[in-house]
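> Predicted coordinates and the sequence they were generated for:
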Amino acid sequence: MDIRENVSLKTYNTFGVDARARYFVEVHSTEELQEVVRQWPGERPFILGGGSNLLLTGEINRLVIRNCITGMAITGKSDDKAWVSAGGGENWHRFVLWCLEQGLGGIENLSLIPGTAGAAPIQNIGAYGRELKEVFHRLEAVELSTGALHSFGREACRFGYRDSIFKRELKGLYGITRVTLELSTANHQIDTSYGAIRQTLEEQGISAPTIQDVSRAVIAIRSAKLPDPSVLGNSGSFFKNPEVSTSQLQRLKTQHPEIPHYPVNAHVAKIPAGWLIEQAGWKGQRVGDAGCYEKQALVLVNYGRASGRDIYELAERIQQSVEEKFGIRLEMEVNVI
Ligand code: EPU
């Protein structure tokens, strides 16, 4: 075990925040992870994936284990389905591109999402009309208190909107070592329901898109709207899109007739947090080196030397002013440590 002390995590979180880990180790296999957690005498370790949904507000006093378990494989096939698995530390987008190369469909709408395959189920990543849970088959995870390897099927993960059991009851208790998805080998369910995808494909004159076309369209949309973390520190959407009751929506509409919304079910609607934040006057604003992104208000950015605290304080001010203006409390989507 090559455990290092007092290691900067600046290059291991996409906000580019310079926080330190008291102890730090990288693991490259399930067995290595099991060995580390069984031998570590201190407090339960913290598992770091791609660091793309993480806001570090201070030093982590525990052992930080960076999940570097990579590898991708097709593990089974039926008539029109294939099961593919990726190591928990595998880069998610690399995995998407590899699946596309194999002609496998189901995650093309989730192209270019930063982070690792192992972190994808934790927040049930979603974009452009699709969510991971729709193609999720199972995952393997090491229990950090014992080193035991467990398997979780779709039901056990209790997926919700940007949510799973690993953000709730089991938060911080497991290290995800392998994720298996069930993808289509033929008759792909192309989903272009999201307006921006349709528009991009139309502009390109594509009327019968392939899974590769959809992926390219998603990559173009994301690249145009969302800042590249290697250029401008960020962690994607900082808040969740809030859900309101239909009666609350009616009340909001009387004051703000133009409020965008979409139904979740007969009684609940979702409102884009980006719109609420923009209306509260925050889009493009900057407080020191922490800012609200000029092209997408739901994204908070680090212009260089912002600390995790600076970004957190900006997030709190945004929360407060949205609540004052609309009576809606925004919930942070990012994992604040
Ligand atoms: N909007 C504004 N101003 C803004 C931003 C958005 O008015 O500055 C309004 C517009 O009405 C726009 C609507 O919000 O039509 C939706 O915006 P967008 O399509 O950019 O999507 P989003 O709701 O802001 C969600 C996800 C993204 C995902 C996109 C596309 C959440 C928290 N975020 O964002 O996920 O890529 O939809 O599906 O659900 C992430 O989780 O990190 C992430 C980037």
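Thanks, I have the structure now. Residues are numbered from 1 along each chain as shown.
> so how many other residues sit close to the closest residue to the ligand within the stretch 51-200 of the chain?
In the stretch 51-200 of the chain, the residue that lies nearest the ligand is residue 127 (3.7 Å; C-beta to the nearest ligand atom). Bear in mind the C-beta positions are built from the backbone N, C-alpha and C, glycine included. Counted by other C-beta atoms under 10 Å, the residues lying close to residue 127 total 19.
> ok, now residue 32?
For residue 32, the tally of surrounding residues (other C-beta under 10 Å) stands at 17.
> What strand or helix carries it?
In the assignment (DSSP states H and E), residue 32 maps to helix 30-39.
> I'd like the next helix or strand past that helix.
strand 46-48.
> quick one: contacts of that following strand?
9, 12, 21, 54, 60, 62-67, 144, 172, 174-176, 337 (C-beta atoms under 8 Å, 6 or more residues apart in numbering).
> Just list what the next helix or strand after it packs against, helices and strands only.
The helix or strand immediately downstream of strand 46-48 is strand 54-55, counting by DSSP H and E. Using 3 or more C-beta pairs under 8 Å, 6 or more residues apart in numbering; DSSP states H and E, the elements in contact with strand 54-55 are helix 308-326, strand 335-336.
> Output those in a markdown table, with mean pLDDT appended to each entry.
Output for these, formatted as a markdown table (pLDDT from 0 to 100):
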| stretch | mean pLDDT |
| --- | --- |
| helix 308-326 | 98 |
| strand 335-336 | 96 |
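> Deepest-packed of the ones you listed, please.
Of all these, helix 308-326 carries the top mean neighbour count, a mean of 18, counting by mean count of other C-beta atoms under 10 Å.
> Can you check which strand is longest in the chain?
When the chain is scanned for its longest strand (criterion: DSSP state E), the result is strand 174-184.
> related to what we said a few turns ago, among the contacts of strand 46-48, which are within reach of the ligand?
Filtering these for proximity to the ligand by C-beta under 6 Å from any ligand atom leaves nothing.
> buried subset of those residues?
9, 12, 21, 54, 60, 62-67, 144, 174-176, 337 (16 or more other C-beta atoms under 10 Å).
> Farthest-apart pair in these, please.
Farthest-apart pair in the buried ones among the contacts of strand 46-48 is 9 and 174; separation 20.5 Å (C-beta to C-beta).
> Now do the contacts for residue 214.
108, 109, 190, 191, 192, 197, 201.
> Now do the helix or strand where it lies against strand 174-184: the angle between them, please.
Using DSSP H and E, residue 214 sits in helix 211-225. The directions of helix 211-225 and strand 174-184 differ by 130 degrees, with axes from the mean of the first three to the mean of the last three C-alpha atoms, to 10 degrees as the criterion.
> If we go by neighbour counts, what in helix 211-225 is buried?
Within helix 211-225, the residues that count as buried by 16+ other C-beta under 10 Å are 211, 213, 214, 215, 216, 217, 218, 219, 220, 221, 222.
> Same question for stretch 240-248.
Using 16+ other C-beta under 10 Å as the test for burial, stretch 240-248 gives 240, 241, 242, 243, 244, 248.
> can you give me the end-to-end distance of it?
End-to-end span of stretch 240-248 (C-alpha to C-alpha, to the nearest Å): 18 Å.
> what do you get for stretch 199-209?
12 Å.
> quick one: buried residues of it?
200, 201, 209.
> so which of the helices and strands packed on strand 54-55 gets nearest residue 91?
It's strand 335-336; of those, that one is closest to residue 91 (C-beta to C-beta) at 18.6 Å.
> Quick one: residues in contact with the closest one.
With C-beta under 8 Å, 6+ apart as the contact definition, strand 335-336 has outside contacts at 53, 54, 55, 57, 167, 308, 312.
> residues in the stretch 101-250 of the chain within reach of the ligand, list them.
Within the stretch 101-250 of the chain, the positions adjacent to the ligand are 127, 128, 225, 236, 237, 240, 241 by C-beta under 6 Å from any ligand atom.
> what about the residue in the stretch 101-250 of the chain that the ligand sits nearest to, how many residues close to it?
Nearest residue of the stretch 101-250 of the chain to the ligand, counting by C-beta to the nearest ligand atom: residue 236, 2.4 Å away. Other residues near residue 236 come to 23 when the count uses other C-beta under 10 Å.
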